[in-house]
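Chemist: Mind looking at a prediction? Sequence and model below.
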Amino acid sequence: MINQIGAYSLYICLFASAYLIFKSYISSKNFDKKIDQTFFATLSVQLFMTILSFFTLVFAFVFSDFSNITVFNNSHSLKPLFYKISGTWGNHEGSLLLWLLVLTLFLFIFFVTSKKMSLRYRILTILFQEIIILGFLLFILFTSNPFLNIFPIPDEGLGLNPILQDPALAIHPPLLYVGYVGTSIIFSASLAALITKTVDNVWASHIKNWILISWIFLSVGILLGSIWAYYELGWGGFWFWDPVENVSLMPWFCLTALLHSIIVLKNRNVFHSWTVILSITTFSLSMSGTFLVRSGILNSIHTFANDPSRGVFILTFLLFLVLLAVIIFFFNQKNFPDTNQRSFLVSRETGILINNWFMMFFLSVVLIGTAYPIFLEVINDAKISVGPPFYHKLIVPFLIPFLFFMALGPNIKWIKDKIKKQNISQIIIFILCFVISFLIVLKTNTNYLFSTLLFTFSFYLFFSVINSFKKKNSYLSQKVSHLGFSIFMLSILFNGILSKENSANMKVGDEINFYNKKLIFENVKVESDSNFKKLIGEFKLKDNEKIIHFRPEIRVYSQPETITSEADISSTLFSDNFLVFSLIKNDGFFNVRYQHKPLMIWIWISVLLMSLGGVLSFFKLYEK
Amino acid sequence: MKNNKIFYLVVILIIAIFLVLLLGLKEEKNYTPQSELKKLNDSISLKDLYSGKNIFLNDLLLNNEFNLINIWASWCAPCKVEHPYLINLNDKFDINLIGINYKDNLDNSKKFLSDLGNPYDEVLVDNDGTKSIELGAIGVPETYLINSNKKIIKKFIGPLDQEDYDNIINLIKK
């Protein structure tokens, strides 16, 4: 019964979508003012039906309706309620339904909040957005329908992988999707603006909010995925250059570039075609991400299922959208206003252009590292693999000039500025940064030149931003985000050179000494929780009079039967102490691994700070 | 005029990328390296999963039988799928099976083996995945069949299935 409700509401959505495409195409040429209400009504129906269908699936998960094949494959009646709900989007079919929900929701919000813009522009945005929605509906209904029945009805489901039962991971996909899907509005809106010849500063300040929303959600979404990997997988790191991680990073680079270039368009009415190209590219990269993850062309932790027919569908659809965008772009290129704005070499515009170049460079590196192995395999039948060293070698050296320009850029005026000849205080700050950095690096055995320079410029950016808080020449949102980035760089650098690790086999009562610390294994307890049993280890770490207690766990899940180790991490503002233990074959010994990770928490805080800058800008807080 | 050329160039480029990716989807996940070229890199050393000692991969390869290197991880769902094939292979045939544990949590990987059975003669640990990359791996799982001359004669990308299993047996028996 409930499956039928979900499936039929999707079919109604499909009709609504086809009708909207038809109607908006007709009325984009010839319309009267009343058409507004028709669109409002149809969009409301479509949104309602998508919400209904999504909540039908949530409902099936919550009440463990195993007649639904998606629920049977991914849920279990003993799972806690929170994970039953998050299980809805923890699988391929459900996550696509969530995509669709966000797509329709965003279009609706766009339509309601864009009343100040011209009606033709809004109608065309609906046209392009509905084409995307139609594509996703067809994809869901014909290759990944979440509402298929299973008969006879099983008594119990197969369960959700316990490593996915984690609060950070439960909200990671929705946030990421909001970011991805937000780029679709930017895509549709920029094509509509191209046709209606309204790519100008008014459009820029209108679309900037959508760019900010996508950027904030994408940033926080990536952050949560990274936090999850750190806590749950116990790899002891936060970024692994895994292809699927890269796939989320590429639209982020593009979106960050767009976020900067749109500011120029808004304030100076230049960079029209570049902004549109970035809008199209950002969305194409988000879609390619979906293709790479869902087609099984990559082997990765994120790969749900290998189904080539899905891959062919997404790929064809992507080709159609990109070609459509390219054709519209080239045929409407003459439509850009000829504003004849002059800018000089030393100006804010140049600064932002430099940011865009760097973003494009980082994007190309990640793109090549991710896509080139696939291409080479097809063309030459050769297999190569690209790992962290490739990315580190290509990205790290370029961070040095990037940091430098980031420190200078925001202090330069629009249109034209002079290079101040001798700014003694700046030079003193710079030398001070260099000395501090050199002293820090001297204590470790890393590559002196690179590390010192990286530290120097990170510190320099940090102090420049702190300094700029006193001035009133630019926006607070920008300062907060840039401060976030400088803290991000510094915490990564400190973390990279000062991390320590120790691993040993211990039994209850053992003591070991390392790095002037003493670790004591005091006790093991057994406890039960709702859907798992757990062994709790009790450890004591003595570090120069300071005592830290650890209670890591080994969890035994019953459905499906899996054992996971939960690390106990004691986080302070200065460092994380990470302890995890695991069973060794039945001889009373446990393998105990201890890690000391300085400033770990600041990596998370700094990304939140960057996102906070976006939020401040969105609500126009503290801006003139 | 100039814009038209750029337009056609962009369109051709996009279609070319499309075709390559389309072929990529259909790409056979097995491949036979040219035997001359693919000698194993003999400087690769990894830690043993249980003892933590450093071992040269080259020292583990046997001269009198076939060697199979399997790259796996406990977090990788397809690895669970291929696991029974590995257990069967080591049970029924004379083959030296070496597992390389890729970017994994040590506890989870030990748990994986104690739950599903340990088919490997030796399990090595590749914490950050760099050693597997040196071997030429592009992901997990991957399996390499190596002959008694320490040459890679077949690479299997992705989980082993019945066809791959039969394929391996045929090559061993030859």
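Modeler: The structure has been received and is ready for your questions.

Chemist: didn't A:N91 look like it was pressed against A:S75?
Modeler: No. Checked against CB atoms under 8 Å, the pair A:N91 and A:S75 is beyond contact range at 9.2 Å. (Glycine included, C-beta is placed from N, CA and C.)

Chemist: quick one, which of those two is more surrounded?
Modeler: Counted by other CB atoms under 10 Å in any protein chain shown, A:N91 and A:S75 do not tie: A:S75 has more neighbours, with 28 against 21.

Chemist: Name the nearest residue to the more buried one, sequence neighbours excluded.
Modeler: A:G157 (4.5 Å; CB to CB, 6 or more residues apart in numbering or on different chains).

Chemist: quick one: A:F48 from A:I12, how far?
Modeler: Here the criterion is CB to CB, to the nearest Å. By it, A:F48 lies 9 Å from A:I12.

Chemist: sorry, that was for B:L9
Modeler: 43 Å.

Chemist: Check which helices and strands the host helix or strand of A:H206 is in contact with.
Modeler: Assigned by DSSP states H and E, A:H206 falls within helix A:201-228. Here helix A:201-228 touches helix A:167-195, helix A:243-268, helix A:600-618, going by 3 or more CB pairs under 8 Å, 6 or more residues apart in numbering or on different chains; DSSP states H and E.

Chemist: what is the orientation angle of the longest one with helix A:243-268?
Modeler: Taking axes from the mean of the first three to the mean of the last three CA atoms, to 10 degrees, one finds that helix A:167-195 is oriented at 40 degrees with respect to helix A:243-268.

Chemist: Also the shortest one?
Modeler: Computed with the same axes, to 10 degrees, the direction of helix A:600-618 lies at 40 degrees from that of helix A:243-268.

Chemist: quick one, phi/psi of A:G157?
Modeler: phi -90, psi 170 (degrees, to the nearest 10).

Chemist: sorry, that was for A:S528
Modeler: Dihedral angles (degrees, to the nearest 10) for A:S528: phi -120, psi 140.

Chemist: Can you tell me the element the residue nearest to it when sequence neighbours are not counted falls in?
Modeler: In space, and not counting its chain neighbours, A:S528 is closest to A:K534: 7.5 Å by CB to CB, 6+ apart. According to DSSP H and E, A:K534 maps onto strand A:532-543.

Chemist: Which strands or helices does the helix or strand just after that strand pack on?
Modeler: Toward the C-terminus, strand A:532-543 is succeeded by strand A:546-550 as the next helix or strand (DSSP H and E). Applying 3+ CB pairs under 8 Å, 6+ apart, one finds that strand A:546-550 makes contact with strand A:532-543, strand A:568-571, strand A:575-583.

Chemist: what about strand A:546-550, average pLDDT?
Modeler: For strand A:546-550, the mean pLDDT works out to 86.

Chemist: how about A:S530, what does it touch?
Modeler: Contacts here follow CB atoms under 8 Å, 6 or more residues apart in numbering or on different chains; on that basis A:S530 touches A:L78, A:P80.

Chemist: Kindly give the local confidence score, pLDDT, for it.
Modeler: 72.

Chemist: Using the three-state scheme, assign it.
Modeler: Here A:S530 is recorded as coil under DSSP: H, G, I helix; E, B strand; the rest coil.

Chemist: for A:S347, phi and psi?
Modeler: Dihedral angles (degrees, to the nearest 10) for A:S347: phi -160, psi 170.

Chemist: Which pLDDT value goes with it?
Modeler: 79.

Chemist: Kindly state the beta-bridge partners for A:F581.
Modeler: Counting by DSSP bridges, A:F581 forms beta bridges with A:V592.

Chemist: Please apply the same query to A:S575.
Modeler: A:P598.

Chemist: For it, the count of nearby residues, please.
Modeler: 20.

Chemist: Looking only at stretch A:530-537, what residues are buried by neighbour count?
Modeler: A:N531, A:F532, A:K534, A:L535, A:I536, A:G537 (16 or more other CB atoms under 10 Å in any protein chain shown).

Chemist: mind listing what the residue most central in space within chain B touches?
Modeler: Centroid check for chain B by CA atoms, centre = their mean gives B:E142 as the closest residue, at 2.1 Å. By CB under 8 Å, 6+ apart, the contact set of B:E142 is B:N70, B:I71, B:S132, B:K155, B:F156, B:I157, B:G158.

Chemist: can you count the residues close to the first one?
Modeler: B:N70 has 25 neighbours, counted by other CB under 10 Å.

Chemist: again, but for the third one
Modeler: Residue neighbour count, defined by other CB under 10 Å, stands at 26 for B:S132.

Chemist: OK, contacts around A:F329?
Modeler: By CB under 8 Å, 6+ apart, the contact set of A:F329 is A:L191, A:L194, A:S273, A:V276, A:I277, A:I280.

Chemist: can you tell me the residue of chain B closest to chain A?
Modeler: Closest contact between chain B and chain A, by CB to the nearest CB, is at B:D107 (2.7 Å).

Chemist: Isn't that residue up against A:V580?
Modeler: Yes. Taking contacts as CB under 8 Å, B:D107 lies within contact range of A:V580: 6.2 Å.

Chemist: Just checking: what are the partner strands of the helix or strand containing B:I69?
Modeler: B:I69 belongs to strand B:66-72 when elements are defined using DSSP H and E. Next to strand B:66-72 in the sheet, as set by DSSP bridges, lie strand B:95-102 (parallel), strand B:142-146 (antiparallel).

Chemist: quick one, longest helix in chain A?
Modeler: Longest helix of chain A, by residue count under DSSP state H: helix A:348-380.

Chemist: list the helices and strands that one packs on?
Modeler: helix A:243-268, helix A:272-295, helix A:388-408, helix B:2-26.

Chemist: does B:D128 sit in a helix, a strand or a coil?
Modeler: Per three-state DSSP, B:D128 ends up coil.

Chemist: what do you get for B:P78?
Modeler: helix.

Chemist: And the nearest residue to it once chain neighbours are set aside, how close does it get to B:Y144?
Modeler: Leaving aside its chain neighbours, B:P78 sits nearest to B:P159 (3.9 Å; criterion: CB to CB, 6+ apart). As for B:P159, its distance to B:Y144 is 14 Å (criterion: CB to CB).

Chemist: Can you give the domain ranges for chain A?
Modeler: A:1-165, A:167-345, A:403-498, A:500-601 (automatic domain parsing).

Chemist: next SSE after the worst-scoring helix or strand of chain B on mean pLDDT?
Modeler: Within chain B, no helix or strand scores below strand B:30-31, which has a mean of 53 by mean pLDDT, DSSP states H and E. Per DSSP H and E, the first helix or strand lying C-terminal to strand B:30-31 is strand B:45-48.

Chemist: ok now that following strand, how far from the chain's centre?
Modeler: 17 Å (CA atoms, centre = their mean, to the nearest Å).

Chemist: which strands and helices sit next to the next helix or strand after that strand?
Modeler: Later in the chain than strand B:45-48, the nearest helix or strand by DSSP H and E is strand B:54-56. Applying 3+ CB pairs under 8 Å, 6+ apart, one finds that strand B:54-56 makes contact with strand B:45-48.

Chemist: Mind listing what's buried along the strand it packs on?
Modeler: So for strand B:45-48, counting by 16+ other CB under 10 Å, buried means B:L46, B:K47.

Chemist: now for it, which elements pack on it?
Modeler: The helices and strands touching strand B:45-48, judged by 3+ CB pairs under 8 Å, 6+ apart, are strand B:54-56, strand B:122-126.

Chemist: Out of those strands, which is the most enclosed?
Modeler: Among the helices and strands packed on strand B:45-48, ranked by average contacts under mean count of other CB atoms under 10 Å in any protein chain shown, first place goes to strand B:122-126 (a mean of 21).
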